[in-house]
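Peer 1: Predicted model and sequence below, questions to follow.
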6 protein chains.
Amino acid sequence: MPTIIVEGPPISIDKKRELVEKISKIISEIYGIKYITIIIKENPPENIGINGELLIDRKRSN
Amino acid sequence: MPTIIVEGPPISIDKKRELVEKISKIISEIYGIKYITIIIKENPPENIGINGELLIDRKRSN
Amino acid sequence: MPTIIVEGPPISIDKKRELVEKISKIISEIYGIKYITIIIKENPPENIGINGELLIDRKRSN
Amino acid sequence: MPTIIVEGPPISIDKKRELVEKISKIISEIYGIKYITIIIKENPPENIGINGELLIDRKRSN
Amino acid sequence: MPTIIVEGPPISIDKKRELVEKISKIISEIYGIKYITIIIKENPPENIGINGELLIDRKRSN
Amino acid sequence: MPTIIVEGPPISIDKKRELVEKISKIISEIYGIKYITIIIKENPPENIGINGELLIDRKRSN
């Protein structure tokens, strides 16, 4: 606790490392708690909808 | 915002498209907000338990 | 199953009723499953951040 | 980790105590991990929809 | 309802079976409700951060 | 998208402001995406269990 869930598209392992390091530092300072869990959820673009359209379709039309 | 998370079994891309289009329309009307994110979570039947039994075992017994 | 979690600002009970009725119908048709759970999460504007700013601060500046 | 989120109606503090004690024990044995976080979410019946109907309306009709 | 989401590392199907059976029993007794959904989320160790470090890096250093 | 859910104990509005500002900046840099939603969930200590014990009971014993 705290536990942070990050819902986004897939990212590289280096970005995951950076995310976990930086976010944990900030959360730890704000809450004054050391034990922090971050779960990175990688969602394929065909499973994300923005304003009624799948991300995969939005990309296609660009 | 709003953000909608749909936890279900796997579905086809056409159904995802239909889901995102229809749900976004309704949510947008109800909340009066245009920016809507939908995340479709596809859970394998061996990861879902209903009333103490994995979905994969329930199917097998039918 | 499926279970739908809707994260948004507070809404009236009539809108909740409408949301649950309409979303359940669509989800039921798409998944071909009858048992549907919807959980409406009402988040106070001071607990929602969009693009680095709390919703409560964005409103104030308008 | 593991982190368990329990979405249900409101319950008494004694039931919360029992829930956390018993669920942690089982999860700890299954995963072989000692650090377990459980978050109990108490949802008002007007925020839960089952099969297209708010829980508060279903109760009323009984 | 209730719906339980378990966020952890990958586990075997036998452990999933055990988890769903045992957790459902306890939740059913505590809430006095029979219809229980459990969703097991299996997160790869490179997607979990504990105290600023990816689980995959913690393992490596051991 | 991305959407970040922060599950923790209650915090002050100033801390929420700081959290949303700092986390959004980092997430935006890592994902290269500008539209970021953060939802801060404030859980009462009697709803959080760590290692089989409610947070409210752990505090009491200190």
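Peer 2: That came through fine.

Peer 1: Going by C-alpha atoms from here, please, whenever you check contacts or count neighbours.
Peer 2: OK.

Peer 1: Quick check: A:E46 touching B:K15?
Peer 2: No - when contacts are counted by C-alpha atoms under 8 Å, A:E46 is not listed as touching B:K15 (10.8 Å).

Peer 1: Compare neighbour counts for the two and give me the winner.
Peer 2: A:E46 (18 against 15; other C-alpha atoms under 10 Å in any protein chain shown).

Peer 1: In which helix or strand does the nearest residue to that one once chain neighbours are set aside reside?
Peer 2: Distances taken as C-alpha to C-alpha, 6 or more residues apart in numbering or on different chains put A:I56 closest to A:E46, at 5.2 Å, once the chain neighbours are dropped. According to DSSP states H and E, A:I56 maps onto helix A:55-61.

Peer 1: Return the residues in contact with the residue of chain A found nearest chain C.
Peer 2: Closest contact between chain A and chain C, by C-alpha to the nearest C-alpha, is at A:E7 (13.3 Å). A:E7 sits next to A:40-43, F:1-4 when contact means C-alpha atoms under 8 Å, 6 or more residues apart in numbering or on different chains.

Peer 1: which of these lies closest to chain B?
Peer 2: Nearest to chain B among the contacts of A:E7, with distances taken as C-alpha to the nearest C-alpha, is F:M1, at 7.0 Å.

Peer 1: Give the burial count for the closest one, as a bare number.
Peer 2: So F:M1, with other C-alpha under 10 Å, has 24 neighbours.

Peer 1: three-state assignment of it?
Peer 2: coil (DSSP: H, G, I helix; E, B strand; the rest coil).

Peer 1: if I pick it, what's in contact with it?
Peer 2: F:M1 is in contact with A:7-8, B:37, F:33, F:35-37, counting by C-alpha under 8 Å, 6+ apart.

Peer 1: how close does A:Y35 get to D:K25?
Peer 2: Applying C-alpha to C-alpha, to the nearest Å, the value for A:Y35 to D:K25 is 20 Å.

Peer 1: same deal with A:P10?
Peer 2: Distance from A:P10 to D:K25, by C-alpha to C-alpha: 34 Å.

Peer 1: cool, A:G8 as well?
Peer 2: Taken as C-alpha to C-alpha, the span from A:G8 to D:K25 is 32 Å.

Peer 1: What parts of chain A come near chain E?
Peer 2: Residues of chain A found near chain E (C-alpha under 8 Å from any C-alpha of the partner chain) are A:13, A:16-17, A:20-25, A:34-41.

Peer 1: How many neighbouring residues does A:I27 have?
Peer 2: A:I27, neighbours per other C-alpha under 10 Å, totals 25.

Peer 1: got a list of what the nearest residue to A:L55 once chain neighbours are set aside touches?
Peer 2: Spatially, and ignoring its direct neighbours in sequence, A:L55 is nearest to A:P45 (5.1 Å; C-alpha to C-alpha, 6+ apart). Residues near A:P45 by C-alpha under 8 Å, 6+ apart: A:9, A:54-56.

Peer 1: Spell out which parts of chain A neighbour chain D.
Peer 2: A:1, A:37.

Peer 1: where do the helices sit along chain A?
Peer 2: Here chain A has its helices, by DSSP state H, at A:13-31, A:55-61.

Peer 1: and the longest one, does that touch chain F?
Peer 2: Same thing as helix A:13-31. Yes - against chain F, helix A:13-31 shows contacts by C-alpha under 8 Å from any C-alpha at A:15, A:18-19, A:22-23, A:26-27, A:30-31.

Peer 1: and those residues, which are buried?
Peer 2: A:18-19, A:22-23, A:26-27, A:30-31 (16 or more other C-alpha atoms under 10 Å in any protein chain shown).

Peer 1: Out of the helices of chain A, which is closest to E:I50?
Peer 2: In terms of C-alpha to C-alpha, the element of these nearest to E:I50 is helix A:13-31, at 8.0 Å.

Peer 1: and that closest one, is it in reach of chain C?
Peer 2: No - Helix A:13-31 lies out of reach of chain C by C-alpha under 8 Å from any C-alpha, never closer than 14.0 Å.

Peer 1: what angle separates that helix from helix F:13-31?
Peer 2: Here the directions of helix A:13-31 and helix F:13-31 differ by 170 degrees (axes from the mean of the first three to the mean of the last three C-alpha atoms, to 10 degrees).

Peer 1: Give me the contacts around helix A:13-31.
Peer 2: By C-alpha under 8 Å, 6+ apart, the list of residues contacting helix A:13-31 reads A:2, A:33-38, A:40, E:46-47, E:49-54, F:11, F:15, F:18-19, F:22-23, F:26-27, F:30.
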